[in-house]
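Student: Okay, sequence plus prediction incoming.
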Protein chains: 2
Amino acid sequence: MSRPYGRAMTPPLSRDRDFTTLGRALSTPARSTFLNLLMDGSRRPAGELAGAAGVSASTASGHLSVLVDAGLVISETRGRHRYYALAGPEVAAALESLGMVADAAPVSGYRRSRRAEYLAAARFCYDHLAGRLGTALTDAWVRSGWLAGRDELVLTDVGAVGLRGIGVDVDGALSARRPTTRACLDWTERRPHLAGALGAAVGTRFLDAGWVNRHRSGRGLDVTPAGHDLLRGAWGIDPLAH
Amino acid sequence: MSRPYGRAMTPPLSRDRDFTTLGRALSTPARSTFLNLLMDGSRRPAGELAGAAGVSASTASGHLSVLVDAGLVISETRGRHRYYALAGPEVAAALESLGMVADAAPVSGYRRSRRAEYLAAARFCYDHLAGRLGTALTDAWVRSGWLAGRDELVLTDVGAVGLRGIGVDVDGALSARRPTTRACLDWTERRPHLAGALGAAVGTRFLDAGWVNRHRSGRGLDVTPAGHDLLRGAWGIDPLAH
DNA sequence: GCGACATTTCGGCGTCCACCGAAGCGTTCC
DNA sequence: GGAACGCTTCGGTGGACGCCGAAATGTCGC
């Protein structure tokens, strides 16, 4: 009886977390590209993803079902399109923290590219603001006592009033099932920015109020003139400054 | 000119985070086992890891260099042994958050096993207390005002005094370069427990004071009688209760 | 120095899987 | 209803890689 190789015969010690499925899902360039594209919380049809990764439609289809099976991505059929998106905030959080590790690896040279600089200024991280805009806002709100904590972020009473004042759905965020606040380590800035239900509410408000616009390509945000006025006037932030 | 397959020819859009190296590193059962064994922050020689994963020494050696190349693991030569350990807290954090996602996948059946139950009670998560002990302590400290925040955790002045009172090196933790507090989502309890520099300081103190002992096999902690007295007397915690 | 031991490197084997094009299925548009 | 279109399934190909045992490297004990 031979077991030339294949899967390990017995899970040696116990049924610890099994990273193999997730690892496989992350382990090819095409799938990595897909996940990067979806990390801003967008939903995209299979064809667009295939084109972006430079693989045929059939190949992309196979990759996407791997991602779905791994629980990283969900799909929704809409007419003759099929839209794919990250499965949830936990997935985005996991990828983000994984990105911190990957960053330490010899990828580097990243921040040089023009497009990267653009993303570093302002972008969506799944459903909340990130990049310099995200961290600057978070810092400003800590300074003004809206958030408490240096590394971790807790909403204060003053902060609740202040955020309601600019139209953020604070009460919706407080009653949401996911954590109200979460400190998401910013991958370009390497410092925390506000995430969680409140982070999402802030992101929604910034979009709805027209203070930022999604850039056409999906990732990356443009800060509108109205947004600039608010940021500078209310908290002295200039998101274009390096 | 044919490009049968291999690596994608051009990274299509930009040099986003590249998950492929990391993914490959996670994608085999043996490497997953290694990482699980090292997640308690221990350093282990190659031979022990090989035995635990049920592979030959040569196979294990190959796997370990993959993990080192991916930046997940570091090695230290000590005499004729070579010890391996996780590369840092970020790696542990990334694996932990990845474990949350993996958990949602159809692994399940996990908490049934006896050994799993043992781990669920009390264990080390890289360098801080986790499991029911970790979350119960965190909850108790939030209740008594030592930590602020429901989801995120911030040390209060009262908390600093209290922790100093039980011998925790609070000042060392405050001046450390890594974040003082971090909310680590507990993988068995699905609720946050205290991590970061302060979490590590607490873990160190619990070990040094003899309130918990590392179990021989590495993961998993035994709460000593002295530990029980402290937990019950000071905060009304019974870590054995389900 | 010379065996015992821990670990890595090397060579060879066999399976897995990423790739593509063609065909199949369902939706949309006219 | 028929053609165009988006996506998935199927079949076939070739390179990558996980496995092992044997040999090489390096350390410890005597």
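Tutor: Nice, thanks for sending it over.

Student: and A:G196, how far is that from A:E96?
Tutor: 13 Å (CB to CB, to the nearest Å). Heads up, the C-betas are built off the backbone N, CA and C, glycines and all.

Student: higher neighbour count, the two?
Tutor: A direct count of neighbours by other CB atoms under 10 Å in any protein chain shown for A:G196 and A:E96 places A:G196 higher, at 25 against 21.

Student: Wasn't A:S61 part of a strand?
Tutor: No. Judged by DSSP: H, G, I helix; E, B strand; the rest coil, A:S61 forms no part of a strand; its state is helix.

Student: Next up, the contacts around it.
Tutor: A:S61 is in contact with A:46, A:50, counting by CB atoms under 8 Å, 6 or more residues apart in numbering or on different chains.

Student: Repeat the analysis, applying 10 Å as the threshold.
Tutor: A:S61 makes contact with A:46-47, A:49-50, A:55, A:82 under the criterion CB atoms under 10 Å, 6 or more residues apart in numbering or on different chains.

Student: Kindly report the same for A:V101.
Tutor: In this structure, A:V101 makes contact with B:17, B:19, B:22, B:25, B:70-72, B:87-88, B:90-95, judged by CB under 10 Å, 6+ apart.

Student: Out of those, the closest to DNA strand C would be?
Tutor: Nearest to DNA strand C among the contacts of A:V101, counting by CB to the nearest atom of the strand, is B:F19 at 12.9 Å.

Student: A:R82: neighbour count?
Tutor: Using other CB under 10 Å, the number of residues around A:R82 comes to 16.

Student: Check whether it sits in a helix, strand or coil.
Tutor: Per three-state DSSP, the local secondary structure of A:R82 is strand.

Student: Got the confidence number for it?
Tutor: A:R82 carries a pLDDT value of 92.

Student: Then the one 4 residues further on?
Tutor: Per-residue confidence at A:L86 stands at 93 (pLDDT).

Student: Can you verify my assumption that it contacts A:V73?
Tutor: Yes. At 6.2 Å, A:L86 counts as touching A:V73 under the criterion of CB atoms under 10 Å.

Student: Now list whatever residues contact both of those two.
Tutor: Residues touching both A:L86 and A:V73 (CB under 10 Å, 6+ apart): A:34-35, A:38, A:67.

Student: From those residues, which land in helices?
Tutor: Applying DSSP state H to those, the entries found in helices are A:34-35, A:38, A:67.

Student: check contacts around A:G159.
Tutor: Contact analysis of A:G159 by CB under 10 Å, 6+ apart lists A:141-142, A:144-148, A:153, A:168, A:170, A:181, A:198.

Student: ok, which pair from the shared contacts of A:L86 and A:V73 is furthest apart?
Tutor: Across the shared contacts of A:L86 and A:V73, the longest distance by CB to CB is 9.0 Å; it joins A:L38 and A:L67.

Student: Now do the strands in chain A.
Tutor: Under the criterion DSSP state E, chain A carries strands at the ranges A:44-45, A:73-78, A:81-86, A:123-125, A:128-130, A:147-148, A:154-155, A:182-185, A:192-195, A:212-214, A:221-223.
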